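Undergrad: model this:
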Amino acid sequence: MNPREHLDPELLGPLDGLIEATGGGFDLHDIPATRAMLAGMLEAVKSELPDIDGVAVEDNAVPGLDGAPEIPIRLYRPTEDVSALPVVIWLHGGGYVLGDVELDDFMLRQFARDTGCLMVNVSYRLAPEHPFPAAFDDCYATLRWIHANSAALRSDANRIAIAGASAGGGLAAATALKARDTGEVPLAFQMLIYPAIDDCNTAQASASLPDHLLWTRENALHSWSAYLGPQLGRRDVPAYAAPIRATDLAGLPPTYIAVGSLDMFLEENTAYACRLAQAGVPTELHVYPGAYHAFDSFAPMAAISTRFVNDRNGALIAALGT
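TA: Residues are numbered from 1 along each chain as shown. This next block holds a predicted model:
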């Protein structure tokens, strides 16, 4: 299958523009260079973005787990808020090796304004400098801190959602598993946007196993290798690293999963959604036809991206009662 033949026409131009701007697409052979390129792209885009009124932004830090370094976070609070706001802890994408709080900053300002939630943007540690469980520990430490400090944050300790995209979606799924297992934080919802949850989905592209647009199998192999190191693909990889490995999904919070039909994570995402539903977890799955990985970020004006945002926001508002 040639994925471009099935591509939503409105997504083609932004895809080609990104490929041209990055010199052929994201390349994880040289992670420091790709980080620098991404930072430059974000800086250039930021200068053209409009202001988002009605949202107060504050940088803070959370104590790391068991003596680990502090975790930078950024809070987005609707200025016309009330006490006991619902909270969404957001974990950015980037293949476990790219990104920080700047990556989704503009999106989260809009998200906070449009849903009335307190958004928490987490800058977890990145691989390969900090392999598993560093990022996972940072995400869980943030969740635990947000819950414990709900009074100071003027947030609702019983209306906390964990959410993320791509690698961040994988970290969100893993954090939800640990919250269930420990019973320390009662999660109200998990929102998994094209999550990377299967460390074994890294086979080389071939005629019978085509590659995918934007995020390739080679990228997946590099990112999972950086995150898991020599553990990659072994039978004993823990579910907190690759949530598809979890054998018991019962007791997880209501779940929303969204993925494009041309995303290489389609199969693992739909399989996880089916298993969640079979385990009795209220589960909502959206598959967007003709959409590649992160289509909403790279083609935000496309009709299908607008539909995705409306679906996402509506699901969150319904789940948290905003």
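Undergrad: Ramachandran coordinates for residue 293?
TA: Residue 293 adopts backbone torsions of phi -60, psi 130, taken as degrees, to the nearest 10.
Undergrad: and it, what does it touch?
TA: Under the criterion of Cβ atoms under 8 Å, 6 or more residues apart in numbering, the neighbours of residue 293 are 166, 194, 212, 213, 214, 215, 260, 262, 263, 264, 265. C-betas here are computed from N, CA, C, even on glycine.
Undergrad: hey, C-alpha coordinates of the longest helix along the chain in PDB?
TA: The longest helix of the chain (DSSP state H) is helix 303-320. Output of helix 303-320 as PDB, limited to C-alpha atoms (Å, rounded to 0.1, in the frame of the first residue of the first chain):
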ATOM      1  CA  ALA A 303     -11.200  20.000   8.300                       C
ATOM      2  CA  ILE A 304     -10.300  16.600   9.700                       C
ATOM      3  CA  SER A 305      -8.000  18.300  12.300                       C
ATOM      4  CA  THR A 306     -10.900  20.600  13.300                       C
ATOM      5  CA  ARG A 307     -13.100  17.600  13.800                       C
ATOM      6  CA  PHE A 308     -10.400  15.900  15.800                       C
ATOM      7  CA  VAL A 309     -10.100  18.900  18.200                       C
ATOM      8  CA  ASN A 310     -13.900  19.100  18.600                       C
ATOM      9  CA  ASP A 311     -14.100  15.400  19.400                       C
ATOM     10  CA  ARG A 312     -11.100  15.500  21.800                       C
ATOM     11  CA  ASN A 313     -12.400  18.600  23.700                       C
ATOM     12  CA  GLY A 314     -15.900  17.200  23.800                       C
ATOM     13  CA  ALA A 315     -14.800  13.900  25.300                       C
ATOM     14  CA  LEU A 316     -12.700  15.700  28.000                       C
ATOM     15  CA  ILE A 317     -15.500  18.100  28.900                       C
ATOM     16  CA  ALA A 318     -18.000  15.200  29.200                       C
ATOM     17  CA  ALA A 319     -15.600  13.100  31.300                       C
ATOM     18  CA  LEU A 320     -14.600  15.900  33.700                       C
END
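Undergrad: For the longest strand along the chain, which strands pair with it and how are they oriented?
TA: In the chain, assigned by DSSP state E, the strand with the most residues is strand 155-165. Sheet pairing of strand 155-165 (DSSP bridges) gives strand 85-91 (parallel), strand 189-193 (parallel).
Undergrad: Just send the ones you listed back as CSV, with distance to residue 297, mean neighbour count and mean pLDDT too.
TA: Putting the strands paired with strand 155-165 into CSV (distance: least, Cβ to Cβ, whole Å; neighbours: other Cβ atoms under 10 Å; pLDDT from 0 to 100) gives the following:
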stretch, distance to residue 297, mean neighbour count, mean pLDDT
strand 85-91, 13, 26, 97
strand 189-193, 10, 26, 98
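Undergrad: picking that back up, just send the contacts of residue 293 back as TSV, with pLDDT, neighbour count and distance to residue 158 too.
TA: Compiled in TSV, the contacts of residue 293 are given as follows (pLDDT from 0 to 100; neighbours: other Cβ atoms under 10 Å; distance: Cβ to Cβ, whole Å):
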residue	pLDDT	neighbour count	distance to residue 158
166	98	27	28
194	98	30	28
212	78	20	39
213	78	24	40
214	80	23	37
215	87	23	36
260	97	29	33
262	94	24	38
263	94	25	33
264	92	28	36
265	95	25	31
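Undergrad: Cheers, nothing more for now.
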